[in-house]
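Chemist: sequence unavailable; structure follows:
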């Protein structure tokens, strides 16, 4: 396809997939022939931090991007999701190798996510990084979950791709099975 890079990598939890995430994917599609998206914390759902199951999160991305240029797979946490160190980076790259059969040529992430401590310098010596400034998109998945707890569909819709609007009820229903969000809804 003659893009600057053969393969790109995006890693995220996507709880829920929003326009900030979409900007990462659009950047990856612009720069790479193939894009691998690893959906983190795949082993966990029904918790405050990870309320949505892996299939819902993959379905959100696939609803927006139906292309064979994108590969989407779940990635379980190695230990604790905050256990970020070079061993985590090697674990991540080992999983990337399962799908790309090589290290990614480009990693794409937002300026609110430091990836430098994830890797030993030697492990990514042939991988470039592209940092997407998300300053003009002041949104987070936490904010979207709050909008869903409040059943504020109208505001939620502003921050997600229109193709996801039809998934609102499914996503909100799953979110509201978590007792934390049920309790939070009683406050509003």
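Modeler: Noted; the coordinates are in hand. Just so it is clear, the model here is predicted, and its values are computed rather than measured. Residues are numbered from 1 along each chain as shown.

Chemist: by residue count, which helix of this structure is the longest?
Modeler: helix 86-100 (DSSP state H).

Chemist: list the buried residues of that one.
Modeler: For helix 86-100, the neighbour count (16 or more other CB atoms under 10 Å) marks 88-89, 91-93, 95-96, 99-100 as buried. Backbone N, C-alpha and C define where each C-beta goes, glycine included.

Chemist: following element in sequence after the helix or strand harbouring residue 60, please.
Modeler: Using DSSP states H and E, residue 60 maps to helix 54-64. Heading C-terminal from helix 54-64, the first helix or strand you meet, by DSSP H and E, is strand 70-75.

Chemist: I figured residue 155 hits residue 148, correct?
Modeler: No: counting by CB atoms under 8 Å, residue 155 stays clear of residue 148, with 9.8 Å between them.

Chemist: looking at these two now, which is surrounded by more residues?
Modeler: Between residue 155 and residue 148, counted using other CB atoms under 10 Å, residue 148 has the larger neighbour count: 24 against 13.

Chemist: the more buried one against residue 171, yeah?
Modeler: Yes: proximity of residue 148 to residue 171 meets the contact threshold set by CB under 8 Å, at 6.8 Å.

Chemist: report the set of residues contacting both of the two.
Modeler: By CB atoms under 8 Å, 6 or more residues apart in numbering, residue 148 and residue 171 have these common neighbours: residue 16.

Chemist: all helices for the protein, in order.
Modeler: 19-31, 54-64, 86-100, 141-149, 153-158, 168-175, 179-187.

Chemist: and residue 161, how far from residue 89?
Modeler: Here the distance between residue 161 and residue 89 works out to 30 Å (CB to CB, to the nearest Å).

Chemist: now the phi/psi pair for residue 42, please.
Modeler: The phi and psi values for residue 42, taken as degrees, to the nearest 10, are phi -70, psi -20.

Chemist: can you count the residues close to it?
Modeler: Per other CB under 10 Å, the neighbour tally for residue 42 reads 19.

Chemist: contacting residues around it?
Modeler: Applying CB under 8 Å, 6+ apart, one finds that residue 42 lies in contact with 54, 74-76.

Chemist: ok, so of these, who is nearest residue 16?
Modeler: The nearest member of the contacts of residue 42 to residue 16, counting by CB to CB, is residue 54 at 13.1 Å.

Chemist: pretty sure that closest one contacts residue 39?
Modeler: Yes: applying CB under 8 Å, one finds residue 54 in contact with residue 39, separated by 6.1 Å.

Chemist: quickly list what's touching both of the two.
Modeler: Residues touching both residue 54 and residue 39 (CB under 8 Å, 6+ apart) are residue 74.

Chemist: check what pLDDT residue 89 gets.
Modeler: Here the pLDDT value assigned to residue 89 is 88.

Chemist: go on, the one 10 residues further on?
Modeler: Turning to residue 99, the model gives it a pLDDT of 95.
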